[in-house]
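Chemist: Sequence and predicted structure are below.
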Amino acid sequence: MISIVVPAHNESSVIERTLGAWVNQADPGELEVIVVCNGCSDNTAEIARRFGRTVRVIESDVASKSHALNLGDAAAVGFPRIYADADIILTVGAIRALTHRLDLGDVFAVAPTADINLAGCSWSIRKYFEIRSQLPSSREGIGGSGVYALSAAGRERFAQFPDIIADDTFVRLQFKAWERATLPTVTSTVFPARRIRQLIAVRTRAYAGTLQLSKRFPESNTNKTPSNKSTLIGLASDPRSWIGLAIYLCVNVVARARGWLMLRRGSSRWARDSSSRSHVVST
């Protein structure tokens, strides 16, 4: 049985879409889905329970993704174990492909490639992702696709999820480059922020998470992915890239500075973007 842990904080607008893609397509007994509603003030739990025995719902008053992941882990019984954000689209076929890759035994962590859905996004957001799509970091699924899967041996690399911002980056850095894989032909649909202001907020939290990890777990830096710097320098030589490059750099310079301030002030305030959840695509 494949176990899927889904931390969910006020995800009533998207949770039905996410769970429906699994429950309606999976074989009987193939999946165990655990939705951990953490600090919800909406009816996420009620919607999730409508899917019957395939979906187990756990409710917690603590609005913390890491706490939710640990609760889901404690309840899950199957492997491979998949951890998925509540607002992505992942097919059962993709779940099976991730499982098959882990079954080969040569890697311990896998993820799909992110398929960025830009419908409804502003022109500036489209320009941002036009640049991002050309960078090495865009081909890293653990931390970009909203999904990662671990084998039983991979899950043994760490005890509990620490109380940090960037759980996916923490997991990725538990493995050497050759111990993890991103599947180029398997995708998850990711819905980004629709406006630059919201994107800066999301990127601020991402940078804060990276800085926090470097401070608390410096030994994991040896497993980092290649830098985007050389690719960005190459793009600067093409005038057709200048507008997008300017937007990309401005967003990340501002977000990096804000992320540093966020950590310095000791804040880990929830910075979930709601604009991406307002564009719900039916399956």
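Modeler: The structure has been received and is ready for your questions. The model shown is predicted, which means the values in this text are computed figures rather than measured ones.
Chemist: longest helix anywhere in this protein?
Modeler: Counting residues, the longest helix found in the chain (DSSP state H) is helix 242-264.
Chemist: any idea how far it is from the chain center?
Modeler: 20 Å (Cα atoms, centre = their mean, to the nearest Å).
Chemist: again, but for stretch 92-102
Modeler: Taking mean C-alpha positions (Cα atoms, centre = their mean), stretch 92-102 and its chain are 17 Å apart.
Chemist: And stretch 132-148, by the same measure?
Modeler: In terms of Cα atoms, centre = their mean, the centre of stretch 132-148 is found 9 Å from the chain centre.
Chemist: again with stretch 24-38
Modeler: Using Cα atoms, centre = their mean, the offset of stretch 24-38 from its chain centre is 18 Å.
Chemist: Only the buried residues of that stretch, if you could.
Modeler: Residues 26, 30, 31, 32, 33, 34, 35, 36, 37, 38 are the ones in stretch 24-38 that count as buried (16 or more other Cβ atoms under 10 Å). All C-beta spots, glycine's among them, are computed from the backbone N, C-alpha and C.
Chemist: what residue of the protein is the furthest out?
Modeler: residue 239 (32.4 Å; Cα atoms, centre = their mean).
Chemist: what's the first-to-last distance across stretch 174-188?
Modeler: By Cα to Cα, to the nearest Å, the extent of stretch 174-188 from end to end equals 22 Å.
Chemist: min pLDDT across the buried residues of stretch 24-38, which one?
Modeler: pLDDT across the buried residues of stretch 24-38 is lowest for residue 26, at 93.
Chemist: that's a strand at that residue, yeah?
Modeler: No. Counting by DSSP: H, G, I helix; E, B strand; the rest coil, residue 26 falls outside a strand, being coil.
Chemist: Spatially nearest residue to it (excluding sequence neighbours)?
Modeler: Among residues not flanking residue 26 along the chain, residue 92 sits closest, at 5.1 Å (Cβ to Cβ, 6 or more residues apart in numbering).
Chemist: Low-confidence stretches in the stretch 151-283 of the chain?
Modeler: Low-confidence segments of the stretch 151-283 of the chain (pLDDT under 70): 267-283.
Chemist: which stretches of it form helices?
Modeler: 152-155, 167-172, 196-216, 229-235, 242-264 (DSSP state H, counting those that start in this stretch).
Chemist: Next: the stretch 1-150 of the chain.
Modeler: Assigned helices in the stretch 1-150 of the chain, in chain order: 15-23, 44-49, 65-75, 92-103, 123-132 (criterion: DSSP H, counting those that start in this stretch).
Chemist: Identify all contacting residues around the longest one.
Modeler: So that's helix 92-103. Applying Cβ atoms under 8 Å, 6 or more residues apart in numbering, the external contacts of helix 92-103 come out as 2, 4, 21-22, 25-26, 30-31, 80, 82, 107-108, 110-112, 147, 149-151, 154, 181, 183, 185-188.
Chemist: Same question for the second one.
Modeler: Helix 44-49 is contacted from outside by 8-12, 15-16, 19, 35, 37, 55, 57, 59, 86, using Cβ under 8 Å, 6+ apart.
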